[in-house]
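Student: When you get a sec, could you give me coordinates for this:
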Amino acid sequence: MKLISCISLIAMLSACQSKKETNPIQSQKQDTIATATDNSPKATSEILTFGFSSENGTKVLAFEEGINGKNINKSIDIQGNVSDIAFESSQKGNESGVNLVSANFKNCAGEVMSVQNNKKVSTDQSVVLFNDVFLASHQPMLVKSLASPKAIDAVNKSKIEAERKRKIKEAWKIADVGSESAFIVIFEKKQDSVLASLVIGDKSYIYRDYPAKYDEGSTWRVDDGGEFPNDAIKIIGAFINSKNELEIIIDWAGAEGANIEYAKANKGRFETIKEASRYWGAL
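Tutor: Here you go, the predicted structure:
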């Protein structure tokens, strides 16, 4: 009897162990519903998160789950201006709160923040929110977006081609970040492999690459027609951290939503610290 009991126990333990196996998460090209994932260290009290404004720009909804609005008190615009914000209320949202856009503000779940001192935030892009602890170790930078992208100059085009060992199909300057230029670069296709990059620099460069497999309907984003628009990406915040590293926040709008990424420069590449998405495909 004891032997049978031992065998049964071993079988049960083996069955339980097999249930712990999980399937790997597969990346998807399509735009998704609102999400926020955070790869930053958990031991810090620094907070940086994302939101979007009410229709008149006087309120912001921080939509990341688990965020306490009482711990957030600052926002930044693309001019590097830091504004005070104050927690107003936690909003539960309802079944109509799928589309995270200004016109649907009252239906969405999150932390409602009021913009202080009679100021307003942008209503046409995502909003960057943070706290005093973050600001203490990050110096805001001026981001000067061009009214319309202009063709890249010959010098930077030649230097980027040489550095990446790949011909450029099209490229545009979209902004100045501090004293550096920001470019959108589309490289020549290699069979069905395509590559677009956000490039910041002049003498040396930092890259955020967007590789994809060409599809005439949806290559980088749903319904993009196989094109990477030169006005899709906006740099909505930039900082120099305590280690003198450049950090940027990218807002990349598509047909069904926006991807938001907080990234840090590291050895010529931007590595993701935190990312989120806003969905509006059901409009």
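
Student: Could you pull up the contacting residues of Ile47?
Tutor: 67, 71-72, 129-131, 133-134 (Cβ atoms under 8 Å, 6 or more residues apart in numbering). (Each C-beta comes from the backbone N, C-alpha and C, glycine too.)

Student: same thing but at 10 Å, please
Tutor: By Cβ atoms under 10 Å, 6 or more residues apart in numbering, Ile47 lies in contact with 40, 62, 64, 67-68, 71-74, 129-134.

Student: Between these, which sits nearest Asp223?
Tutor: Using Cβ to Cβ, Glu64 is the member of the contacts of Ile47 that sits closest to Asp223, with 26.4 Å.

Student: any idea how far the closest one is from Leu48?
Tutor: Using Cβ to Cβ, to the nearest Å, Glu64 is found at 10 Å from Leu48.

Student: So between those two, which is more surrounded?
Tutor: Higher neighbour count among Glu64 and Leu48: Leu48, with 24 against 20, using other Cβ atoms under 10 Å.

Student: the helices in the stretch 151-283 of the chain, which residues?
Tutor: Per DSSP state H, counting those that start in this stretch, the stretch 151-283 of the chain carries helices over the ranges 154-164.

Student: Could you tell me which ranges of it sit under the pLDDT cut-off?
Tutor: For the stretch 151-283 of the chain, the stretches with pLDDT under 70 are 283.

Student: Recalculate using a threshold of 80.
Tutor: Judged by pLDDT under 80, the stretch 151-283 of the chain has its weakly predicted residues at 282-283.

Student: What subset of the contacts of Ile47 is buried?
Tutor: 62, 64, 67, 72-74, 129-131, 134 (16 or more other Cβ atoms under 10 Å).

Student: Let me have these in a markdown table, extended by distance to Val101 and secondary structure.
Tutor: Below are the buried ones among the contacts of Ile47 laid out as a markdown table (distance: Cβ to Cβ, whole Å; DSSP: H, G, I helix; E, B strand; the rest coil):
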| residue | distance to Val101 | secondary structure |
| --- | --- | --- |
| Ala62 | 15 | strand |
| Glu64 | 17 | coil |
| Ile67 | 19 | coil |
| Ile72 | 21 | coil |
| Asn73 | 24 | coil |
| Lys74 | 23 | strand |
| Leu129 | 17 | strand |
| Phe130 | 22 | strand |
| Asn131 | 25 | coil |
| Phe134 | 26 | helix |
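
Student: Can you give the domain ranges for the chain?
Tutor: 35-138, 143-279 (automatic domain parsing).

Student: Now do the contacts for the residue lying closest to Glu188 once chain neighbours are set aside.
Tutor: Distances taken as Cβ to Cβ, 6 or more residues apart in numbering place Lys167 nearest to Glu188, at 4.4 Å, with adjacent residues excluded. By Cβ under 10 Å, 6+ apart, Lys167 lies in contact with 157, 161, 187-190.
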